[in-house]
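K.L.:
below is the sequence, then the predicted model.
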Amino acid sequence: MGIFEKLAGAGLGWAFGGPIGALLGFAIGSTLSFNSSRNVNNETNARNSFITALLVLFAAVMKADNKVLKSELSFVKDFLLKNFGEDITFDSLKILKDLLNKDIPLEEVCEQIARNTKYQDRTQLLHILFSLSKADNNIVESEINVIRRIAQLLGISLSDYNSIKAMFVEDFDKSYQILGISKNATDDEVKKAYRKMAVQNHPDKFEHLGEEIKNQAEVKFRAINEAYETIKKQRNLK
């Protein structure tokens, strides 16, 4: 039994059907039964669907520069190990290899994800994709372009996209970009932006996606706090 048969039995949720399901080889009328996942709680369904969608997006980003790096495969392997354990990680990497040889219908896939996930979950997807792109400490323009396209298709605002990008791509005004504001913002606007970002990205909002995704969210949350502390020191804010 492969990973997605295992996930279907453990609760795959919305990712079982649509373009994602088609990419993974599922079809309506398959011997795989939805009944096996109906007794699984909503959090498990949400978490497994999130990871499955992420695997498809991993393939899209890894294909962006027409070469698959060992560092990228290592990042995905480590990520899956923390979520699923050795057996499912082994099967997942085989599926990823298959996905890397397929055309990913990005618009259709992202539409399915956007329709079935919360906004903050989609921003977390973006954060993880940037983590993948920086696995070799060198984010190339083709990868940024694909991630930007994914962000647009997922309905992520430009300010949120720039905020997440600034956590990985060095820029003179990095701290301001992370908070989604310009360097000309007033002190009150800085404080307001920080409060908004802190509430929107608090790790507790990602508990339904599992411990590892929550840990990833904590990385993003720390970057937001560090950006705010940097600006506070520059402006001598209290």
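P.N.:
Noted; the coordinates are in hand. Numbering: from 1, shown residues only.
K.L.:
where along this protein do the strands fall?
P.N.:
Along the chain, no segments are classed as strands by DSSP state E.
K.L.:
could you pull out the helices for it?
P.N.:
3-11, 18-23, 42-62, 70-84, 86-99, 106-116, 119-133, 141-153, 158-166, 174-178, 187-200, 211-235 (DSSP state H).
K.L.:
what residues does the second one touch?
P.N.:
If you take Cβ atoms under 8 Å, 6 or more residues apart in numbering as the criterion, helix 18-23 is touched by 15, 27, 52-53, 56, 99, 102, 104-105, 108-109, 112-113. C-betas here are computed from N, CA, C, even on glycine.
K.L.:
repeat that for the shortest one.
P.N.:
Helix 174-178 is contacted from outside by 162-163, 165-167, 171, 182-183, 185, 197, 223-224, 226-228, 230-231, using Cβ under 8 Å, 6+ apart.
K.L.:
how many neighbours does residue 74 have?
P.N.:
Look at residue 74: counted by other Cβ atoms under 10 Å, it has 12 neighbours.
K.L.:
wait, it sits on residue 136?
P.N.:
No: with contact defined as Cβ atoms under 8 Å, residue 74 does not reach residue 136; the gap is 9.5 Å.
K.L.:
identify the contacts common to these two.
P.N.:
By Cβ under 8 Å, 6+ apart, no residue touches both residue 74 and residue 136.
K.L.:
format the contacts of helix 18-23 as TSV; extra columns: pLDDT.
P.N.:
TSV is the format used below for the contacts of helix 18-23 (pLDDT from 0 to 100):
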residue	pLDDT
15	73
27	40
52	83
53	88
56	93
99	88
102	88
104	92
105	94
108	95
109	95
112	94
113	94
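K.L.:
which among these gets closest to residue 236?
P.N.:
residue 113 (42.7 Å; Cβ to Cβ).
K.L.:
contacts only, for the closest one.
P.N.:
Listed by Cβ under 8 Å, 6+ apart, the contact set of residue 113 reads 20, 53, 57, 122, 125, 154.
K.L.:
how does this structure divide up, domain by domain?
P.N.:
Annotated domains of the chain cover 1-156, 159-238 [automatic domain parsing].
K.L.:
and the last one, how far from the chain's centre?
P.N.:
Just to be clear, that refers to domain 159-238. 17 Å (Cα atoms, centre = their mean, to the nearest Å).
K.L.:
which helix or strand in the chain has the lowest average pLDDT?
P.N.:
helix 3-11 (a mean of 54; mean pLDDT, DSSP states H and E).
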